[in-house]
Structures are given as structure tokens and as C-alpha cells.
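> Can you look at this prediction? I've put the sequence above it.
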Amino acid sequence: MSKQNIYDNETFFEGYKQIREKKENANILFEKPALFSLLPDLKGKRVLDLGCGYGENCMEFVKLGATKVVGIDISTKMLEIAQQENTDPKITFLNMPMEDIGSLSEKFDVIVSSLALHYVEDFDGICKLVYGLLDEGGVFIFSQENPINTCFTTGNRWTCDENGNKLYANISNYSVDGKRCSRWFVDDVVKYHRKFSSVINSLINAGFSLQKLIEPYPTEEMVKEHPSTADLRHKPDFLVVKAGK
């Protein structure tokens, strides 16, 4: 099974850092509020963060009352920043791909993943591993790129009028699950498209019960304040899922 580590590519990493440093990025405006809205009360809870990146969410989990947080990431560059900016006695950072979490010898109450699972080829396998690491009554909460986005393979992303205004988003090969290569800072960034039913059935087959799905989109007030977010009225960027054991 391939384990992609694009975030240790210097060009990619620098481009990603610039996006995340913008206060109006989609993660801050849409993804993070949706993800955190699904969290249970974390007081006294043990949390595992899959693809923890800079570790900001790990620090937030501690602030929300978690007694133990384990953050894993395949990227040494990400974890270097996490160790510099988001350390706490209750947080442990581990350099490992999420496909290897079966080697962890402890159980968790909450397992979270923010925008990392679309880089993983074997989603069925991850769901089963996560289920095995959760205590009874535990929850798996994750965000990923929306399948409407991950499916796209060819042609123009948008259909526009004669003035260049976006009329609607185009999709292609939605029904075909599998590997997609795109350019994001560098060529051949690999993501894996799974249609909604594939995502849901992987969770069900692993034993999970679905609790909530969110596809964040902007309010009218948000569009007025951040006009670029109007695109998300046509297609959501993210899918956020809460599933229980």
C-alpha cells in the first residue's frame, strides 16, 4: 500500500504554509468550525488526531479538557512546527503514517482527522483500524475534501458566462472511485476519490453508526464579508462526518 508524504516536499510545504497563514482560508472559515461542532465533551477524554499537521487541533483538544492527546503525522516538517508551536505535557506527537495506527497499544474515546483521509488509498482499512482503537461509545470525527471536488479529472472546473462569472461547477468521473493526480503547488499530488456511498459504506462495514454529516457552505452575511466564498454555494469544499462505535 502506498503512503504518500507530499508535505515533506519543500515546494509543496512552503506553498501550503502560505495558504494556512491567511486568515480568510477555507479551513478557518468552514472546515474547522464544522469539525469542532461535532466534538463531544472532551473533559477527561483520550483523543487521537490522524494527520495532525501543525498540532493546532491537538492543543485545542487539551484546552477543551482532553487528558491525553496523541497526534500522528507522516510529515517530519509538519511535526517540527508542531513541536515548536503546540507542545503540552498532555500531547504526544508521533511520526507515523495513519495506515500504521494498528501498532498503537492503547484505546481512545475520540479519534479525529482533519483533511488527511483523501490522501489515503485504503479507506476501508483505516475505518477498521480506527474502530478497533476506539473504546465502546467512542466517536470518529473527520473531514475530507468533498467527493464533488475529489472526482474532478478533466476539462474546465467551472462553466462561466461571457463575462467570466461562474455559473456552475463541472464534475467528471464522479462514479469512478480511485486515484486522482492534480497540481497543487507541485505536479502529481495524489488524492483518492470516493463517492459518498463509498465513504458511508466503508464506515458501516467497519461497524460504525452514522451520527451526522456536514457540508459547510457560506451564509449570505459571510459572502458579503468574504466574496470569494460565493463559490461554495455551487459546490461545498468539504465533507465532515461523525460516526460512533
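Structure's in. What do you need?
> which residues touch stretch 94-105?
Applying Cβ atoms under 8 Å, 6 or more residues apart in numbering, the contact partners of stretch 94-105 are 1, 3, 5, 48, 50-51, 70-74, 76, 79, 113, 116-117, 120, 122, 125-126, 129-130, 132-133. No exception for glycine: its C-beta is placed from N, CA and C like everyone else's.
> Now, of these, which are buried?
Among the contacts of stretch 94-105, those classed as buried by 16 or more other Cβ atoms under 10 Å are 48, 50-51, 70-74, 79, 113, 116-117, 120, 125-126, 129-130, 133.
> Not counting sequence-adjacent ones, nearest residue to F123?
Nearest in space to F123, with sequence neighbours left out and distances taken as Cβ to Cβ, 6 or more residues apart in numbering, is S202 at 5.1 Å.
> ok, and that neighbour, which helix or strand is that part of?
helix 196-206 (DSSP states H and E).
> Quick one: residues in contact with that helix.
123-124, 127-128, 130-131, 140, 144, 147, 177, 194, 210, 239, 241, 243.
> Name the residues of it that are buried.
By neighbour count with 16+ other Cβ under 10 Å, helix 196-206 contains the buried residues S198, V199, I200, S202, L203, A206.
> can you redo those as CSV with distance to G55 and pLDDT?
What follows is the buried residues of helix 196-206, written out as CSV (distance: Cβ to Cβ, whole Å; pLDDT from 0 to 100):
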residue, distance to G55, pLDDT
S198, 30, 98
V199, 26, 98
I200, 30, 98
S202, 27, 98
L203, 26, 98
A206, 27, 98
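> how near is W158 to K45?
Applying Cβ to Cβ, to the nearest Å, one obtains 42 Å for the distance of W158 from K45.
> who's more crowded, those two?
Comparing W158 with K45 by other Cβ atoms under 10 Å, the one with more neighbours is K45, at 21 against 15.
> Endpoint to endpoint, stretch 163-178 covers what distance?
Length of stretch 163-178, first residue to last, Cα to Cα, to the nearest Å: 35 Å.
> how about it: buried residues?
Within stretch 163-178, the residues scored as buried using 16+ other Cβ under 10 Å are A169, I171, D177.
> Tell me the secondary structure at the residue lying farthest from the centre of the chain.
Distance from the centre of the chain peaks at E162, with 35.5 Å (Cα atoms, centre = their mean). Here E162 is recorded as coil under DSSP: H, G, I helix; E, B strand; the rest coil.
> now V240
Following three-state DSSP, we place V240 in the strand state.
> How about the contacts made by it?
When contacts are counted by Cβ under 8 Å, 6+ apart, V240 touches E31, A34, L35, L38, I141, F142, S143, L213, I214, E215, P216.
> Contact partners for the first one?
The reference is to E31. Applying Cβ under 8 Å, 6+ apart to E31 gives the contacts S114, L115, S143, P216, D237, F238, V240.
> Would you verify that it is located in a helix?
Yes - assignment of E31 by three-state DSSP places it within a helix.
> That one and L38: what is the separation?
According to Cβ to Cβ, E31 stands 12 Å off from L38.
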